[in-house]
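Asks: Generate coordinates for the sequence data below:
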Amino acid sequence: QVQLVESGGGLVQAGGSLRLSCVASGRTLSRLHMGWFRQAPGNEREFVAGNDKTYGTTFYADSVKGRFTVSTDNAEKTVYLQMDSLKPGDTAVYHCFSSRTGPLGPYNYWGSGTQVTVSS
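Replies: Presented below is the predicted three-dimensional model:
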């Protein structure tokens with residue numbers, strides 16, 4: 001079993017930055033792929049970014065390319081999402097995920113989420 005706990009959300013003005021963190025604990029796997037989804041009110045959960053631990057590659061939604069950066073720490077138990085040039089459209093609850101297969105799914109574990117609100 002893997003537990004994921006996010007932190008770092010908050011309220012920021014448009015153009016500002018935030019850094020989200022997600023710590024994995026429990027029976028963690030050395031090759032656990034991790035990343036982020038987000039869900040805005042009334043919308044479906046959408047993929048934001050993910051890290052492929054096997055090939056060392058990253059994936060991003062088109063809407064965040066060039067503004068967001070996903071990374072993991074050396075112990076491979078924490079995934080970060082650096083969010084720059086934030087827009088009101090980025091307002092959502094951000095959920096961390098982990099996958100035994102790859103950053104594009106299927107997904108095995110989810111965090112409960114952290115709220116990001118971007119004001120105009």
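Asks: give me the low-pLDDT residue ranges for the chain?
Replies: For the chain, the stretches with pLDDT under 70 are 28-30, 74, 76.
Asks: Now do the strands in it.
Replies: Counting by DSSP state E, the segments of the chain that form strands are 2-7, 10-13, 18-26, 33-39, 46-52, 57-60, 68-72, 78-83, 92-99, 109-110, 114-119.
Asks: if you take the average position of this structure, which residue is closest to it?
Replies: The central residue of the chain, meaning the one whose C-alpha is nearest the mean C-alpha position (C-alpha atoms, centre = their mean), is Trp36 at 2.4 Å.
Asks: who does that residue bridge with?
Replies: When bridges are taken as DSSP bridges, the partners of Trp36 come out as Ala49, Cys96.
Asks: Do I have it right that it meets Leu20?
Replies: Yes: here Trp36 reaches Leu20: they are 7.1 Å apart, a contact under C-beta atoms under 8 Å. For every residue, glycine as well, the C-beta is placed using N, CA and C.
Asks: what's the overlap in contacts for these two?
Replies: Counting by C-beta atoms under 8 Å, 6 or more residues apart in numbering, the residues touching both Trp36 and Leu20 are 81, 94, 96.
Asks: got those as TSV, with neighbour count columns?
Replies: Formatted as TSV, the shared contacts of Trp36 and Leu20 follow (neighbours: other C-beta atoms under 10 Å):
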residue	neighbour count
Leu81	25
Tyr94	23
Cys96	27
